[in-house]
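1. curious how this folds, go ahead:
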Amino acid sequence: MPRISAKRQITLPVHQCRLAGIEPGDEYRSFVFDGCITIIRQKPGSAWGCLAHLEADETISDEQSRQDAVTAKRANTL
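-> This next block holds a predicted model:
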């Protein structure tokens, strides 16, 4: 039976991973309801539908984008 480590890490049994299609490096979501934890493998591209209307502005650097986000966050908390 799998156990939870001191770091609260869980090792999933290989046969369960195969059945769920979970591979090393896959991303997942987890939910807690009524004392039970549910783990769901995140499918690549699953957010594409809600982001399809966005277009990248290649003139803005990653650093500028981060700074703009920090500035906006600070403005909203004041």
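2. residues near residue 19, how many?
-> When neighbours are defined as other C-beta atoms under 10 Å, residue 19 has 9 of them. All C-beta spots, glycine's among them, are computed from the backbone N, C-alpha and C.
3. so, low pLDDT: which residues of this structure?
-> Counting by pLDDT under 70, the low-confidence segments of the chain come to 45-51, 77-78.
4. could you rerun that using 80?
-> Along the chain, segments meeting pLDDT under 80 span 1-2, 43-54, 56, 58, 76-78.
5. which helix or which strand is home to residue 71?
-> Residue 71 is part of helix 62-77, with elements assigned from DSSP states H and E.
6. which other residues reach that helix?
-> residue 60 (C-beta atoms under 8 Å, 6 or more residues apart in numbering).
7. before we move on, what about stretch 35-44?
-> By C-beta under 8 Å, 6+ apart, the list of residues contacting stretch 35-44 reads 12, 20, 21, 22, 26, 27, 28, 29, 30, 31, 32.
8. which two from these end up farthest apart in space?
-> By the measure C-beta to C-beta, 21 and 32 form the most distant pair in these, at 22.3 Å.
9. can you pick the most crowded of the contacts of stretch 35-44?
-> Counting neighbours by other C-beta under 10 Å, residue 22 comes out on top of the contacts of stretch 35-44 with 16 neighbours.
10. where do the strands sit along the chain?
-> Secondary structure of the chain (DSSP state E): strands located at 28-33, 36-41.
11. make TSV from the ones you listed and add distance to residue 59 to it.
-> Shown next, in TSV, are the strands of the chain (distance: least, C-beta to C-beta, whole Å):
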stretch	distance to residue 59
strand 28-33	34
strand 36-41	36
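12. closest to residue 61 out of the ones you listed?
-> Residue 61 sits nearest to strand 28-33 of all those, at 30.4 Å, using C-beta to C-beta.
13. and the closest one, what does it pack against?
-> Packing partners of strand 28-33 (3 or more C-beta pairs under 8 Å, 6 or more residues apart in numbering; DSSP states H and E): strand 36-41.
14. done for today, thanks.
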